[in-house]
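Q: Quick one: sequence and predicted model below, then my questions.
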Amino acid sequence: MKNKEFLFIYDAAMCNPNGDPDQENKPRMDRATRTNLVSDGRLKRYIRDYIIETRKEDDDDVFVRNINGRKLSVEKRLHGVIMDYVNNENSDFNNLVKENPRLQEAFERDADFKDKTDYRKFYQSKLPAVDDKKAKESWKKLSDINNELLVAFVKKNLIDIRFFGGAFAVAGFSNTFIGSTQINWGYSLHPVELIDSNSIVTIMSGNTEGESNIGKKEGLYYSLIGYTGTINAKRAEELNMSDADVQQFRESIVKSIMSNRTDSKKNQYPKLYLEIEYKDEQCYGRLGDLRNLITVKSAKSERKNDQDFAGVRSINDLTIEFDGLTKGIAKITKHIHKIRIWKSLDDKFTNLNITGVEVETLDF
């Protein structure tokens with residue numbers, strides 16, 4: 001595994017890319033610059049939802065998720081996945097212990113541990129009953145084993161924690177995982193305009209004939225949104241993040257925008273994923289935020305100047321220049337192992353041509 005950084009661009013039209021709960025769910029904005037903001041959590045939610053929708057039964061699970069439409073506390077969710085794994089006779093619990101020396105040692109340090117072959121049976125005997133009023137105390141007595149079990153379980157079964165990390169401070173479990181994949185907040189690469197009229201009239205199926213509800217649907221006309229992030233090789237190694245995991249991340253970040261459609265998130269399309277994989281750690285991030293190397297100008301015929309974005313309603317109203325990005329890459333080609341690119345078929349991205357380094361075209 002090598003250090004990587006990536007740039008991801010997608011667009012949104014006549015929708016709400018990320019509502020701000022502190023502003024009546026209006027699109028998140030930097031009011032001073034009229035820039036549309038989209039949190040890192042929004043993109044992570046897209047990725048998690050895509051993995052949940054496409055995973056097979058024997059694939060890694062996603063920890064941060066709703067169960068049967070309900071949001072569970074971290075404690076209930078964690079205890080639930082551990083219990084399911086331990087009590088599932090088809091799971092490889094004993095092998096998991098044997099494959100992780102620190103976890104095996106934690107079992108064998110327990111004074112009650114006699115049978116050094118069936119770790120599952122011993123752990124089951126220590127688990128609190130469902131109706132145990134002192135369950136938290138029972139969980140705490142297992143904390144030495146549990147903390148090592150949590151590390152092993154994340155490495156093997158929880159792909160989103162390997163990606164993004166997570167903090168656990170619940171009965172019997174206490175550990176913090178720094179994710180190997182870090183994503184910055186996204187923002188539009190140009191000023192945007194909020195939709196002028198957001199009042200809507202809806203006739204609900206349960207209403208009597210002729211009755212309607214009046215509400216608001218907040219949104220913006222058009223936003224070309226850019227994200228940047230990194231994949232840290234050292235943290236990936238610590239969490240057993242594999243090359244297959246990274247490939248899953250690439251596919252998910254591109255496909256999830258189309259897959260996870262809701263009424264407020266429709267009309268969003270991926271445009272570009274670019275990943276720089278470095279040979280060494282010293283050059284990591286030398287180009288800074290890759291978004292700063294892209295220039296977006298207005299292409300509206302009636303514009304006052306290139307920075308007049310009034311009336312921009314689609315990608316056809318923009319000019320996108322990648323000269324800064326290609327020149328930056330050209331300066332550090334000796335440090336680059338490979339560049340991977342996925343591009344939409346929009347003409348706006350055909351002028352992104354990188355030379356002097358190996359380029360792999362991603363095909364999802």
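A: The structure has been received and is ready for your questions.
Q: leaving aside the residues next to it on the chain, what's closest to residue 177?
A: Nearest non-adjacent residue to residue 177, counting by CB to CB, 6 or more residues apart in numbering: residue 165, 4.6 Å away. Just so you know, the C-beta spots here come from the backbone N, C-alpha and C atoms, and that holds for glycine as well.
Q: Which pLDDT does the model give the nearest residue to residue 322 once chain neighbours are set aside?
A: Spatial nearest neighbour of residue 322, excluding adjacent residues (CB to CB, 6+ apart): residue 352 at 4.5 Å. pLDDT, residue 352: 93.
Q: got it, and the one 3 residues further on?
A: Listed pLDDT for residue 355 reads 93.
Q: Assign residue 303 to helix, strand or coil.
A: Secondary structure assignment for residue 303 (DSSP: H, G, I helix; E, B strand; the rest coil): coil.
Q: Quick one: neighbours of the residue lying closest to it once chain neighbours are set aside, just the number.
A: Distances taken as CB to CB, 6+ apart place residue 310 nearest to residue 303, at 7.6 Å, with adjacent residues excluded. For residue 310, the neighbour count with other CB atoms under 10 Å is 11.
Q: hang on, residue 310 is in a helix, isn't it?
A: No - going by three-state DSSP, the assignment for residue 310 is coil, not a helix.
Q: Am I right that it is in contact with residue 193?
A: Yes - Residue 310 lies in contact with residue 193 (CB atoms under 8 Å); the separation is 7.2 Å.
Q: Give me the pLDDT value at residue 201.
A: Confidence at residue 201, expressed as pLDDT, is 51.
Q: What is the least confident helix or strand in this structure?
A: In the chain, no helix or strand scores lower on mean pLDDT, DSSP states H and E than strand 199-202, which sits at a mean of 54.
Q: In which helix or strand does the most centrally placed residue in the chain reside?
A: Centroid check for the chain by CA atoms, centre = their mean gives residue 44 as the closest residue, at 2.5 Å. Following DSSP states H and E, one finds residue 44 within helix 40-54.
Q: so how far is the helix or strand following that helix from its chain's centroid?
A: Per DSSP H and E, helix 40-54 leads on to helix 74-87 as the next helix or strand towards the C-terminus. Computed by CA atoms, centre = their mean, to the nearest Å, the chain-centroid distance of helix 74-87 equals 22 Å.
Q: Tell me which stretches of the stretch 201-350 of the chain form helices.
A: 233-238, 243-259, 323-331 (DSSP state H, counting those that start in this stretch).
Q: Quick one: closest of those to residue 220.
A: helix 243-259 (16.1 Å; CB to CB).
Q: contacting residues around the closest one?
A: With contact meaning CB atoms under 8 Å, 6 or more residues apart in numbering, helix 243-259 is reached by 1, 4, 8, 10, 43, 46-47, 49-51, 53-54, 159, 162-163, 181, 231, 236, 268-270, 273, 275, 340, 342, 362, 364.
Q: Check the residues you listed for burial and list the buried ones.
A: Among the contacts of helix 243-259, those buried by neighbour count (16 or more other CB atoms under 10 Å) are 1, 4, 8, 10, 43, 46-47, 49-51, 159, 162-163, 181, 231, 236, 268, 270, 273, 275, 340, 342.
Q: Tell me where the stretch 251-364 of the chain is predicted with low confidence.
A: The stretch 251-364 of the chain contains residues with pLDDT under 70 at 282.
Q: could you pull out the strands for it?
A: Per DSSP state E, counting those that start in this stretch, the stretch 251-364 of the chain carries strands over the ranges 268-278, 295-298, 318-321, 336-343, 359-361.
Q: most neighbours per residue, which of these?
A: Highest mean neighbour count among the strands of the stretch 251-364 of the chain (mean count of other CB atoms under 10 Å): strand 268-278, with a mean of 21.
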